[in-house]
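Peer 1: build me a model:
(2 chains)
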Amino acid sequence: MDPKLFLSTSRVVIVAGKGGVGKSTVAATLVTAARRVGLTSLLVETDGKPLLVDGAGDEGLTAQTITPADALAEYLDRSGLGRISRRLVTSGIVDVVASASPGIDHLLVLGKVKQLERSHAADVIVVDGPAAGHALTMLRTPRALADSVVVGPIRQQANDVLEMLNDETRCQVVLVTIPEPTPVNEAVETAFSLEEDIGVRLAPIVVNRVDVHPHIDIPEDLAVGSAAARAARFRNERTAGHARCIDDLARRLPLPQIRLPLDTSATPAERTEHFLRAIEGLDGASP
Amino acid sequence: MTGTTLDTTIATARVVVVAGSGGVGKTTLSAALAVRAAIDGRRVAVVTIDPAKRLADALGLAGDSTVGNDPVRIPLDDARGELWALMLDTRSTFDALVDRYSPNAEQAQRIRSNLFYKNISGALSGTQEYMAAEKLYELNGDARFDLVIVDTPPTRQALDFLSAPARLRRFIDHPVYRIVIAPSSIGLRAVSAVSQPVLRTIAKVVGAQALDDALAFFKAFQGLDAGFRQRAHEVDRVLRESSTAYVVVTSGQAEPVAEATYFIGELESANVGVALVVANRLMPHFGKENDSLPPSLVDNLRELADERREEESNLEVLRIARPDTPWIRVPLVPELVDERLDTLAALRLLGRALGDAE
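Peer 2: Presented below is the predicted three-dimensional model:
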């Protein structure tokens, strides 16, 4: 399908996936890909650490980091509590606030994303979800808070964020996985939770680092222990394993797959190219 | 560096803490280390956190047998030692602590049924790290084991684990706690003048109900704080003992290597040395062949060698940044990735690969 159409399906795209699957790289690629097809884009990081994935090759990459503490301070400012909020933050009372109502930090971060969306900060706002796969926890928060908090600004904020999450023209989630058994299992579980518990729309799933090398025939007269034979068996096992996992994923999760090739030395520009080509290869069906 | 660093570590340490970012095979590696140490004669307890189903099955951790939060013994025919495994249950570890330090059952019950407590014992960031450290401490004092291996929660901050006891202490000593507790000991008027705007603000943010729950928790917690503080101090001591070894795991991908480098720096700045870095799941070294072979074989060798070179250049970052940290390279054990094979056997293979590693 047309990459531009694909990338403008919703303004907010939340990228989620467990550690080690290349989530941040995929998020950066989405931002660059959007720019390549003429859309303005913004990368939002939701954990406080400096970017480890460099956007080299894309000087125009616009990124913004939202931390829970900043989001809380801003929220308090808006609520007319600016002076006291700084004292709260510095005294560490924020910790207790966050513990008293777990997930409030997540809600405030999502609230900030919603604000960026409403103010049309860019055509495509890509949110690189929290590290270590806490994306699910983060996305569950608005519903949990909307259910448990009866009145007040938090209730309002939770409702507004939930409205955004449940509107497929405003927000969707891109899951990222790799073709190995454990990541695939986790992706399937996460996908069902996202749809059932949160009601957020899932975009096609990104299967990252797929080895698509054709089967290598090993001549019978080649010594079993030779380097070439061992390397060929290794490669054949890997490609077969990847194919099994991709089939397994397709069987268990009815989502189109964006398969990105295993190419460890690819530059960001090449990754963007791979990505755009993979989208073009998708069926015209809506993402 | 050779595998002897690893052998020394698992032969002499009383505690091994395995740290690293997600997706590098940390949990599996912890299990493999435990299998190897048990075969070598040690009585090992391995604490895993959220293992994949297949690993949990292999370690006998699937099903209801884990509810007790107590280690389960795993039969290993050829082991001179013993292998025990435990899946960390954050909530019940916390509950046990509350029971231990509560002066009576009523107070324990009051805390355990408090909504704020339920929130922090399940979801507070750092609670899982602290409870992993707490479990480590408990097992370290258990005469059944002479080696405890702990898989740490996936995090981007290695120090989250190391500093967990200090953070628990800080939480207990928190201003809010003092504000709530103070009226009973100091004059109510003086304190409320300070505390009311703060409490009103918090109530505005989290809602009055959540605040009431938090206040009720801190009130119920009175009397337990001394016990908790002392315990956190002892846990902290074990984490810093010289018989506690830190192993940092990475893969050959750029991002985990960057994170491992950062972890090592964090640990060293906290005066905790890293015993060993394990570069895990690496592309094996197949060697060279002459060019008379069919092109598909030659091309494949070249492509895999390119992948390996890419990993090596990623790992070079770590070597340059931390020249004094010993490390080993462990090639990918394909049996561990193949979901159709026996995981315990695959763990043995990984354990053996660890010993052979260079």
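Peer 1: can you show me the CA trace of stretch B:226-240 as CSV?
Peer 2: Provided in CSV are the C-alpha atoms of stretch B:226-240 (Å, rounded to 0.1, in the frame of the first residue of the first chain):
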residue,chain,number,x,y,z
ALA,B,226,12.6,0.2,62.5
GLY,B,227,12.6,-3.5,61.5
PHE,B,228,12.4,-2.6,57.8
ARG,B,229,15.2,-0.1,58.1
GLN,B,230,17.4,-2.6,59.8
ARG,B,231,16.6,-5.3,57.2
ALA,B,232,17.3,-2.9,54.3
HIS,B,233,20.7,-2.2,55.9
GLU,B,234,21.6,-5.9,56.1
VAL,B,235,20.4,-6.5,52.5
ASP,B,236,22.6,-3.6,51.4
ARG,B,237,25.6,-5.2,53.2
VAL,B,238,25.2,-8.5,51.4
LEU,B,239,24.9,-6.7,48.0
ARG,B,240,28.3,-5.1,48.7
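Peer 1: state the mean pLDDT of that stretch.
Peer 2: In this model, stretch B:226-240 has an average pLDDT of 88.
Peer 1: what's the offset of that stretch from the middle of its chain?
Peer 2: Stretch B:226-240 sits 17 Å away from the centroid of its parent chain (C-alpha atoms, centre = their mean, to the nearest Å).
Peer 1: tally of neighbours for residue B:253?
Peer 2: By other C-beta atoms under 10 Å in any protein chain shown, 22 other residues sit near residue B:253. Where C-beta positions appear, they are placed from N, C-alpha and C, glycine not excepted.
Peer 1: strands of the stretch 101-250 of chain A, start to end?
Peer 2: In the stretch 101-250 of chain A, the strands defined using DSSP state E, counting those that start in this stretch lie at A:124-128, A:171-177, A:201-202, A:205-210.
Peer 1: quick one: low-confidence residue ranges for the stretch 1-150 of chain A.
Peer 2: For the stretch 1-150 of chain A, the stretches flagged by pLDDT under 70 are A:47-61, A:79-102, A:131-134, A:148-150.
Peer 1: quick revisit: which of the strands of the stretch 101-250 of chain A sits closest to chain B?
Peer 2: Relative to chain B, the nearest member of the strands of the stretch 101-250 of chain A by C-beta to the nearest C-beta is strand A:205-210, separated by 9.2 Å.
Peer 1: so how far is that closest one from its chain's centroid?
Peer 2: On the basis of C-alpha atoms, centre = their mean, strand A:205-210 sits 12 Å off its chain's mean C-alpha point.
Peer 1: just stretch B:247-259 next, same as before
Peer 2: 16 Å.
Peer 1: next, the buried residues of it.
Peer 2: Buried residues in stretch B:247-259, counting neighbours by 16 or more other C-beta atoms under 10 Å in any protein chain shown, are found at B:247-259.
Peer 1: from the residues you listed, which two are the most distant?
Peer 2: For those, with distances taken as C-beta to C-beta, the pair at the greatest spread is B:247 and B:254 (20.9 Å).
Peer 1: sorry, back to before: the buried residues of stretch B:247-259 also near chain A: which ones?
Peer 2: B:251, B:253, B:255-256, B:258-259 (C-beta under 8 Å from any C-beta of the partner chain).
Peer 1: out of those residues, list just those in helices.
Peer 2: B:255-256, B:258-259 (DSSP state H).
Peer 1: and the gap between residue B:292 and chain A?
Peer 2: 11 Å (C-beta to the nearest C-beta, to the nearest Å).
Peer 1: related to what we said a few turns ago, could you dump the buried residues of stretch B:247-259 to JSON lines with distance to residue B:102 and pLDDT?
Peer 2: Listed next are the buried residues of stretch B:247-259 as JSON lines, based on distance: C-beta to C-beta, whole Å; pLDDT from 0 to 100:
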{"residue": "B:247", "distance to residue B:102": "36", "pLDDT": "94"}
{"residue": "B:248", "distance to residue B:102": "38", "pLDDT": "93"}
{"residue": "B:249", "distance to residue B:102": "38", "pLDDT": "93"}
{"residue": "B:250", "distance to residue B:102": "42", "pLDDT": "94"}
{"residue": "B:251", "distance to residue B:102": "44", "pLDDT": "93"}
{"residue": "B:252", "distance to residue B:102": "49", "pLDDT": "92"}
{"residue": "B:253", "distance to residue B:102": "47", "pLDDT": "88"}
{"residue": "B:254", "distance to residue B:102": "49", "pLDDT": "86"}
{"residue": "B:255", "distance to residue B:102": "44", "pLDDT": "82"}
{"residue": "B:256", "distance to residue B:102": "42", "pLDDT": "87"}
{"residue": "B:257", "distance to residue B:102": "46", "pLDDT": "91"}
{"residue": "B:258", "distance to residue B:102": "45", "pLDDT": "87"}
{"residue": "B:259", "distance to residue B:102": "40", "pLDDT": "86"}
